[in-house]
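Visitor: with the sequence up front, the predicted model follows.
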Amino acid sequence: MSQTITEKILAAHAGRDTVVQGELITVRIDMALANDITAPIAIDLFEKSHIESVFDPERIALVPDHFVPNKDVRSAIQVQAMRTFARKYHIKHFFELGEMGIEHVLLPEQGLVLPGDVVIGADSHTCTDGALGAFATGVGSTDIAAAMITGEGWFKVPESIKLVYNGQLRKWVTGKDLILYTIGDIGVDGATYKAMEFTGDVIKALPMADRMTMANMAIEAGAKSGIISPDEVTLDYIRPRAKRPFECYTSDPDAAYAEVRTYDVSGIEPQVAFPFLPENTRSISAVGTVPIDQVVIGSCTNGRIEDLRLAAGVLNGRTIDKNVRLIIVPATPTVYRQAMAEGLLEAFLAAKGIVSPPTCGPCLGGFMGILGPGERAVATTNRNFVGRMGHPSSEVYLANPAVAAASAVLGRIGGPEEL
Amino acid sequence: MKIEGRVWKFGDNIDTDVIIPAPYLVTTDMEELGKHCMEGVDAAFAEKVRPGDIIVAGKNFGCGSSREHAPMAIKGVGISCVIAEGFARIFFRNAFNMGLAIFESSGVSEGIEDGDQVSIDQDTGEIVDHTTGRRFSANPIPPFMQELIEAGGLMSYVLNKRRG
Ligand code: SF4
């Protein structure tokens, strides 16, 4: 029977040859992830069950990243709960400050998620790991508590949507623009319950960082997961990182899809998603004059070293507009040190930006750059809902790191070509 | 198994902030959460509901955050099941994990009115509006998910299984 990559991974983890779309199955979990908001609930449920050990202390990742470095007493208490639990049950992958980074950048970087894995995370952007050719999806804290006991999770086998990207990418067009364009096309519920499978010549030529950005935002179209078949680009990324065996799956050519959409990317410009939904996308040339107060470059979507290089390259010795605050958030300590070694941090500071330690911070309106009433930000993050970065009357415009950096210099939303 | 109750009607895109506003997320006590259920749209909802009542809603019910407090609040206030045109994915999952029965059925948001007496057969998915005599069909709940509901949610299910 012909199957998609998603069906193959799920079948393998259910101990079966094949699975059928819509079927409910129980599968083995390779990695269960939770953060400082969701882990405390899972820990509480686990402790109430009076089970004495977790299924596998090496298959659980606890990453305090949302309000870390602890922004207040309540967030400190939440991280304490994680720390105590991690010590008690010998959880190998608990990340203390100094090693901690944004979970969806950290896990792939540290080789903790691999092609062919089933990954669940009590965080909706767990779908990022699909860029490695894994089945990765966001769940609730109860799923994590149960998985910590059994090492298993239940799933409905999703239908897949195949998204094919052909043509030649224009300058300044990145994975971020492709996924924003796609969400603008299919809408924020265009892929509800489904797996988005990204394919085509453009994807094959796309670096891992861009692939992760695309899979990251599958949830913004309502999808259960986003996935890209592993290839040489994937293996170059994985080989130096993997500490356990993994399996590469690909979809059969005649596998069944709920829908196939083909995009010629040659005509796609850098995209900007206007408030208050990621589907409100416009081409950069159609943005008009939108003055801004703040620019945030970071998050699990665009906080990787490639993103920082792109932004620093656009700044290129310029200083930002005097009415703009520029906040750079390297996603992990490794990204931070690499940026330091390459002189990128110096470039950001010289441009009159600031560099934050790794954290989710401003992305969810947590801390480190909250917007006041009526303020506007260009952000390389993934959500621009009402009040996402601060006051309910503030606005977030989503864009790629090159557009974000150019906007900081211009004092309004604009592309690097305008500099 | 059959569920029967009086209907409370809601519209499309009822999000988790409406179901249980963020200030109440400091507890995981179901009854406590239930007291604030639907406060974002009807402040007196919890006082009016009788145990066993049913929520009928439109598209994308439960959209927004992955907070499990939303299905907990609905269960906590005594609602027996939610019938909607569609559910947001993580809410769908969390509902079963919390042991809350939910059904997807197209046409219910047009065809069923506030206050109607409605029954639903869990095994066949047949919905009957006893006030108007109209019938609708929902996808029946698959056996595994029925087990989750009967056990009272995923944690009890997992623990029961371990005890054998
Ligand atoms: S960076 Fe933003 S979207 Fe990503 S995990 Fe953190 S809060 Fe969520």
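Guide: Received the coordinates, thanks. Bear in mind the structure is a predicted one, so any value in this text is a computation, not a measurement.
Visitor: what bridges to A:Thr199?
Guide: A:Val164 (DSSP bridges).
Visitor: does it touch A:Lys162 like I think?
Guide: Yes: the pair A:Thr199 and A:Lys162 qualifies as a contact (CB atoms under 8 Å) at a distance of 6.2 Å. Every C-beta, even on glycine, is put in place using the N, C-alpha and C of the backbone.
Visitor: now do the shared contacts for these two.
Guide: A:Ser251 (CB atoms under 8 Å, 6 or more residues apart in numbering or on different chains).
Visitor: apart from its chain neighbours, what residue comes closest to residue 159?
Guide: I went with chain A, as the question did not name one. Distance criterion CB to CB, 6 or more residues apart in numbering or on different chains; nearest residue to A:Glu159, sequence neighbours excluded, is A:Ala258 at 4.0 Å.
Visitor: that answer is for a different chain, and I need it for chain B
Guide: Nearest to B:Leu159 is A:Ser49, by CB to CB, 6+ apart, at 5.6 Å.
Visitor: what's the neighbour count on the residue nearest to A:Glu159?
Guide: 14 (other CB atoms under 10 Å in any protein chain shown).
Visitor: state the distance from A:Ala131 to chain B.
Guide: Going from A:Ala131 to chain B by CB to the nearest CB, to the nearest Å gives 20 Å.
Visitor: how much space separates that residue from the ligand?
Guide: Separation of A:Ala131 from the ligand (CB to the nearest ligand atom, to the nearest Å): 14 Å.
Visitor: about what we covered before: just checking, the residue nearest to A:Glu159 touches A:Ile186?
Guide: No: judged on CB under 8 Å, A:Ala258 makes no contact with A:Ile186 at a distance of 11.6 Å.
Visitor: need the residues touching each of these two.
Guide: A:Ile161.
Visitor: pLDDT score assigned to B:Val26?
Guide: Note for B:Val26: predicted pLDDT of 67.
Visitor: ok, now which ones touch A:Ala331?
Guide: Taking CB under 8 Å, 6+ apart as the test, what A:Ala331 contacts is A:Gly101, A:Ile102, A:Val105, A:Leu106, A:Gly298, A:Ser299, A:Cys300, A:Gly303, A:Arg304, A:Pro358.
Visitor: distance check, the most centrally placed residue in chain B against chain A.
Guide: When chain B is reduced to its mean C-alpha position, the nearest residue by CA atoms, centre = their mean turns out to be B:Val82, at 3.1 Å. Per CB to the nearest CB, B:Val82 is found 16 Å from chain A.
Visitor: same deal with B:Phe144?
Guide: Taking CB to the nearest CB as the measure, B:Phe144 falls 5 Å from chain A.
Visitor: ok, A:Ser299 - contacts?
Guide: Under the criterion of CB under 8 Å, 6+ apart, the neighbours of A:Ser299 are A:Ile102, A:Val329, A:Ala331, A:Cys360, A:Cys363, A:Ala379, A:Thr380, A:Thr381, A:Asn382.
Visitor: and those residues, which of them are in strands?
Guide: A:Ala379 (DSSP state E).
Visitor: so where's chain B shaky on pLDDT?
Guide: For chain B, applying pLDDT under 70 flags the ranges B:26.
Visitor: so where do the helices sit in the chain?
Guide: Went with chain A since none was named. Ranges of helices within chain A are A:5-13, A:39-48, A:73-88, A:103-109, A:141-150, A:175-186, A:201-204, A:208-216, A:232-238, A:299-302, A:305-315, A:333-341, A:344-350, A:401-410, based on DSSP state H.
Visitor: chain B, not that one
Guide: With helices called from DSSP H, chain B shows them at B:16-19, B:30-34, B:45-48, B:69-76, B:89-98, B:108-111, B:143-151, B:154-163.
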